[in-house]
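Chemist: Take a look and give me a structure for this.
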Amino acid sequence: MLDKVNELKGYKLHSLDGEIGRVKEFYFDDKYWTIRYLVADTGNWLPGRQVLISPHALSYVNKKEKTISVDLTKKQIEESPSLDSERPVSRQFEESYYGYYQFPAYWTGSYMWGAYPFFVRDAKSTSQPIRSDKVEDYHLRSTNAVTGHHIQARNGEIGHVVDFIIDDHNWAIRYLVVDTNNWLPGKKVLISPPWIESVNWGQSKVFVRLSREAIKNSPEFKEASRLTREYETQLHGHYSLQGYWVEELAAQRDSLAAPHQNRDSPFVREIKN
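Modeler: Residues are numbered from 1 along each chain as shown. Just a heads-up that it's a prediction; the model follows:
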């Protein structure tokens with residue numbers, strides 16, 4: 001299911017033995033544009049530290065109740081590696097964090113989720129120890145910090161980022177929601193990460209492989225409407241580009257057909273509406 005980040009902010013987080021706080025923001029990596037951590041606002045429970053929850057610990061999103069269930073106890077979270085609230089997330093911290101929970105590290109393979117091209121629920125680490133000196137070091141970005149970045153088309157600026165749409169099946173960022181109000185009053189459009197040419201993080205600019213005219217004529221994104229596959233197909237068709245779901249389904253079939261792959265891996269998450 002596709003969710004807007006701004007709608008998920010404030011959702012209550014329910015651990016195995018009680019509420020632990022609310023959704024504050026998300027961290028994603030700047031290569032695959034995939035959510036790596038949910039950042040929890042724990043109030044006065046664990047002051048002075050960032051509480052990060054990996055998607056591996058998230059069991060389902062309940063939109064009706066506005067809650068997200070976390071398959072961890074309060075004690076597990078409290079005793080997990082501590083990260084000062086003023087410090088960025090380092091690879092050293094991630095190694096300790098993933099080692100503590102025994103989650104499979106996303107940076108140790110060539111796919112979106114390390115050894116897998118899709119998200120595998122209940123997967124455990126198979127590599128000991130986790131080392132970062134032989135793998136690519138991704139940078140984590142905050143959804144809060146990237147909100148407001150300007151979108152630069154091939155022939156000029158077109159708007160700025162106001163939200164993100166994430167897929168809570170595999171936690172990929174599917175779209176950036178772009179407000180074109182300064183150029184196209186009142187219209188919002190969607191930009192998919194594969195259409196991004198580069199990002200200048202210092203200048204807060206996102207460069208896309210699209211013209212302003214093409215974006216201007218793209219299907220409008222109406223916030224009140226549910227984002228359907230029909231709309232997504234229309235959007236990708238407008239740019240004559242293949243939908244992300246086509247490539248990912250092929251990757252899943254190839255991975256599941258590989259002799260080393262566990263065919264019983266429960267990578268389909270339960271989503272309750």
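
Chemist: Enumerate the positions of stretch 98-113 that are buried.
Modeler: Judged by neighbour count (16 or more other CB atoms under 10 Å), stretch 98-113 contains these buried residues: Tyr98, Tyr101, Phe103, Pro104, Ala105, Tyr106, Trp107, Thr108, Met112, Trp113. For the C-beta atoms, the positions are set from N, CA and C on the backbone; glycine is no exception.

Chemist: let me fix that: stretch 193-201
Modeler: Pro193, Trp195, Ile196, Val199.

Chemist: what does stretch 55-66 give?
Modeler: Pro55, His56, Ala57, Leu58, Ser59, Val61, Lys63.

Chemist: wait, what's in contact with the first one?
Modeler: Residues in contact with Pro55, defined by CB atoms under 8 Å, 6 or more residues apart in numbering, are Ile35, Arg36, Leu38, Phe119, Trp171.

Chemist: where in the stretch 1-150 of the chain is pLDDT low?
Modeler: Along the stretch 1-150 of the chain, segments meeting pLDDT under 70 span 123-138.

Chemist: Confirm Glu230 sits in a helix?
Modeler: Yes: Glu230 forms part of a helix when assessed by DSSP: H, G, I helix; E, B strand; the rest coil.

Chemist: Nearest to Asp84, out of the buried residues of stretch 193-201: which one, please.
Modeler: When these are compared for distance to Asp84 (CB to CB), Val199 wins out at 26.5 Å.

Chemist: tell me the two of the buried residues of stretch 193-201 that are most distant?
Modeler: Among the buried residues of stretch 193-201, Trp195 and Val199 lie farthest apart (CB to CB), at 12.2 Å.

Chemist: those helices in the stretch 101-250 of the chain, which residues are they?
Modeler: Ranges of helices in the stretch 101-250 of the chain, per DSSP state H, counting those that start in this stretch, are 143-146, 212-216, 229-238, 244-257.

Chemist: So which of the ones you listed is nearest Asn155?
Modeler: The nearest among the helices of the stretch 101-250 of the chain, by CB to CB, is helix 212-216 at 5.5 Å.

Chemist: How is this protein partitioned into domains?
Modeler: The chain breaks down into these domains under automatic domain parsing: 2-140, 147-247.

Chemist: So for stretch 156-163, mean pLDDT?
Modeler: On average, the pLDDT along stretch 156-163 is 94.

Chemist: Go through it and flag the buried ones.
Modeler: Ile158, Gly159, His160, Val161, Val162, Asp163.

Chemist: before we move on, what about stretch 9-23?
Modeler: Tyr11, Leu13, His14, Ser15, Ile20, Gly21, Arg22, Val23.

Chemist: Who is the most centrally placed residue in the chain paired with across the strands?
Modeler: Note on the chain: the residue nearest the mean C-alpha position is Ile35, at 2.5 Å, using CA atoms, centre = their mean. Under DSSP bridges, the beta-bridge partners of Ile35 are Phe28.

Chemist: Contacts only, for it.
Modeler: Phe26, Tyr27, Phe28, Pro55, Ile166, Trp171, Ala172, Ile173.
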